[in-house]
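Visitor: Build me a model:
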Amino acid sequence: MVQTYVEVLCREIGLVGLQGRSEYKHDLLQTVFFGGGTPSLLSPAQLTQILTAIEQHIGISPDAEISMEIDPGTFDLEQLAAYAAAGVNRVSMGVQAWQDELLQLCGRSHNVADIERSIEIIQQSSITNWSLDLISGLPQQTMAMWQESLARSIEVNPSHISVYDLIVEAQTPFAKQYKPDCLPLPSDETTAQMYREAQIALTAVGYQHYEISNYARFASEVAGSPLMTCRHNQVYWRNDAYYAFGMGAASYIAGTRFTRPRYTQDYFDWVAAGAVYPAEVLGKVERFLETLMLGLRTAEGLQIARLINEFGLDLWLDAQGRLEKYCPHWVMMDAKCLRLTDPEGFLYSNTVLADLFEIDED
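Guide: Okay, the predicted model is just below:
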């Protein structure tokens with residue numbers, strides 16, 4: 001089944017690549033990201049097959065960041081070396097927690113021993129740019145557990161750490177087994193403090209809080225050394241154009257969003273029919289709000305001149321009026337730049353964004 005999916009995916013890449021070349025001018029891809037599900041279940045040959053299709057039909061820059069999400073316990077050193085040989089130069093591992101009891105409650109298939117072995121494998125490989133993910137607000141998670149997870153993550157010294165708050169999404173395996181009475185979640189006050197604890201602990205040892213959920217080290221201690229950010233995700237946060245392929249994936253090109261079918265047979269049938277999908281053309285206000293929502297996730301924020309040039313003075317003045325009441329505790333704004341404060345502005349970003357999303361189309 002996996003090989004069938006890979007073949008259909010490569011067929012889609014070819015079809016969309018042809019459409020892209022005729023309709024949109026683009027440079028070689030600067031980033032490629034394998035995510036969603038468990039990409040590390042792909043064999044090196046299947047990964048190579050996909051990358052070859054992308055290279056042939058769209059094109060990949062020689063210095064592109066090629067990232068792959070991996071789960072603990074799903075790969076060995078030989079497999080990781082083969083991924084690297086195929087072009088993967090960055091991996092992101094979903095650790096989630098450093099306590100077996102929490103991993104079990106969340107329905108994760110790995111345990112702490114798997115995490116430790118997998119980190120050893122990464123450290124033995126040629127891939128030096130690697131990230132790990134943590135989740136706060138898990139059922140029965142205490143502040144002491146969270147502090148331990150942060151400390152153990154810092155100890156293994158990844159170049160990048162992502163910190164997410166638990167979201168119980170409908171229809172996921174966790175949501176189906178989750179029972180609030182039996183598996184109580186930490187209070188909102190506790191999860192807010194967990195966010196603050198992460199910011200304090202990680203920045204104290206040199207990680208830069210460059211995005212609301214993401215921290216990165218500098219490549220070295222040499223002055224001017226680059227920050228080991230996830231270059232791919234920065235494409236989203238800048239609201240730049242990007243291709244996406246596979247079930248449920250959504251591309252964003254020339255202000256238009258293209259979404260694929262979410263279910264296997266529907267996706268297969270859609271590709272067989274030529275991979276022609278309805279386009280969702282975003283209006284100016286919607287693009288403006290998405291640009292604000294995504295840009296405010298970053299520490300650098302947004303350049304006000306860019307907002308005015310792209311969307312007009314009226315829209316900016318409407319947003320400015322709504323933002324002023326949050327200054328200076330949650331929002332920092334001057335003549336040039338708009339950004340959220342760290343950590344409080346990031347922590348309460350949903351409140352700020354809810355106000356902005358009251359802006360209507362003319």
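Visitor: okay, now the domains of this protein?
Guide: Domain ranges of the chain: 27-235, 300-356, per automatic domain parsing.
Visitor: got the contact list for the residue nearest to the spatial centre of the chain?
Guide: By Cα atoms, centre = their mean, the mean C-alpha position of the chain lies nearest to Asn233, the distance being 5.4 Å. Applying Cβ atoms under 8 Å, 6 or more residues apart in numbering to Asn233 gives the contacts Phe33, Glu211, Asn214. For glycine as for every other residue, the C-beta is placed from the backbone atoms N, C-alpha and C.
Visitor: ok, and the most crowded of those?
Guide: Within the contacts of Asn233, Asn214 tops the neighbour count with 24 neighbours, counted by other Cβ atoms under 10 Å.
Visitor: How about residues contacting stretch 313-327?
Guide: 284-285, 288, 292, 304, 307-308, 331, 333, 338, 345, 352, 355-356, 358-359.
Visitor: closest to Asp269 out of the domains of the chain?
Guide: With Cβ to Cβ as the measure, domain 27-235 is the member of the domains of the chain nearest Asp269 (19.9 Å).
Visitor: distance between the ends of the closest one?
Guide: Start-to-end span of domain 27-235 (Cα to Cα, to the nearest Å) is 14 Å.
Visitor: Show me the shaky parts of this protein.
Guide: 17-26, 168-183, 361-362 (pLDDT under 70).
Visitor: can you give me the strands for it?
Guide: Using DSSP state E, the strands of the chain run over 29-34, 60-70, 90-96, 130-136, 160-165, 208-211, 214-216, 250-253, 256-259, 279-281, 302-303, 331-333, 337-340.
Visitor: What is the fifth one packed up against?
Guide: Judged by 3 or more Cβ pairs under 8 Å, 6 or more residues apart in numbering; DSSP states H and E, the packing partners of strand 160-165 are strand 130-136, helix 188-204, strand 214-216.
Visitor: buried ones in it?
Guide: Residues of strand 160-165 classed as buried by neighbour count (16 or more other Cβ atoms under 10 Å): His160, Ile161, Ser162, Val163, Asp165.
Visitor: any idea which of the strands of the chain is most buried?
Guide: Ranked by mean neighbour count under mean count of other Cβ atoms under 10 Å, the strands of the chain are led by strand 214-216, which reaches a mean of 25.
Visitor: I'd like to know how many residues surround the closest residue in space to Arg196 that isn't next to it in sequence.
Guide: Closest residue to Arg196 apart from its sequence neighbours, by Cβ to Cβ, 6 or more residues apart in numbering: Pro343 at 5.4 Å. Per other Cβ under 10 Å, the neighbour tally for Pro343 reads 18.
Visitor: hang on, Pro343 packs against Tyr195?
Guide: Yes. The pair formed by Pro343 and Tyr195 meets the contact definition of Cβ atoms under 8 Å, at 6.2 Å.
Visitor: List the contacts of Phe34.
Guide: Applying Cβ under 8 Å, 6+ apart, the residues near Phe34 are Leu42, Leu47, Ile50, Ser67, Met68, Glu69, Val88.
Visitor: State the distance from it to Gln193.
Guide: 34 Å (Cβ to Cβ, to the nearest Å).
Visitor: Check Ser131 too.
Guide: Where Gln193 is concerned, Ser131 sits at a distance of 24 Å (Cβ to Cβ).
Visitor: before we move on, what about Asn111?
Guide: Look at Asn111 and Gln193: by Cβ to Cβ, they are 27 Å apart.
Visitor: repeat for Gly59
Guide: Noted for Gly59: a distance of 47 Å to Gln193, by Cβ to Cβ.
Visitor: Tell me how many other residues surround the residue lying closest to Ala81 once chain neighbours are set aside.
Guide: Closest residue in space to Ala81, ignoring its immediate chain neighbours: Ser125 at 6.1 Å, by Cβ to Cβ, 6+ apart. Using other Cβ under 10 Å, Ser125 has 19 neighbouring residues.
Visitor: hang on, Ser125 packs against Leu77?
Guide: Yes. Contact criterion Cβ under 8 Å: Ser125 and Leu77 qualify, at 6.4 Å.
Visitor: How about the contacts made by Ile161?
Guide: Under the criterion of Cβ under 8 Å, 6+ apart, the neighbours of Ile161 are Ser131, Leu132, Asp133, Leu134, Ser153, Ile154, Leu202, Tyr207, Asn214, Tyr215, Ala216.
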